[in-house]
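Trainee: All I have is the shape, not the residue letters:
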């Protein structure tokens, strides 16, 4: 089934069914974002344990870190 087939199938649904799909998609997207945040958190923890993270409140130093 192609994406356009899915879109066409959705168009034939009732309003209630479309709203249910919208609700489910919102939940799926929220869960995917949570997973991405968690994966980034785990990566940051690993980098911190390996002393690869650098912290600074000095703007000049932060700019230099971004350019690395």
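Mentor: Yep, it's here. All figures in this text were calculated on a predicted structure; none of them were measured in a lab.
Trainee: List the residues that contact residue 59.
Mentor: With CB atoms under 8 Å, 6 or more residues apart in numbering as the criterion, no residue contacts residue 59. Bear in mind the C-beta positions are built from the backbone N, C-alpha and C, glycine included.
Trainee: Local confidence estimate at it?
Mentor: The per-residue pLDDT reported for residue 59 equals 93.
Trainee: Look up phi and psi at it.
Mentor: Recorded main-chain torsions at residue 59 are phi -60, psi -40, according to degrees, to the nearest 10.
Trainee: low-scoring stretches of the chain, by residue?
Mentor: Residues of the chain meeting the criterion pLDDT under 70: none.
Trainee: What's the first helix or strand after the longest helix along it?
Mentor: Taking residue count as the measure and DSSP state H as the definition, the longest helix of the chain comes out as helix 15-49. Under the assignment DSSP states H and E, the closest C-terminal helix or strand after helix 15-49 is helix 59-67.
Trainee: Report the distance from that next one to the chain centre.
Mentor: 26 Å (CA atoms, centre = their mean, to the nearest Å).
Trainee: Now for residue 28, how many residues are close by?
Mentor: Counted with other CB atoms under 10 Å, the burial measure for residue 28 works out to 10 neighbours.
Trainee: Residue 21 now?
Mentor: For residue 21, using other CB under 10 Å, the count is 13.
Trainee: Just list the residues touching it, thanks.
Mentor: Taking CB under 8 Å, 6+ apart as the criterion, residue 21 is in contact with 10, 13.
Trainee: now do 7 Å
Mentor: The neighbours of residue 21, taking CB atoms under 7 Å, 6 or more residues apart in numbering as the test, are residue 10.
Trainee: Return the residues in contact with the most centrally placed residue in the chain.
Mentor: Averaging the C-alpha coordinates of the chain gives a centre point, and the residue nearest to it by CA atoms, centre = their mean is residue 33 (3.3 Å). Under the criterion of CB under 7 Å, 6+ apart, the contact list for residue 33 is empty.
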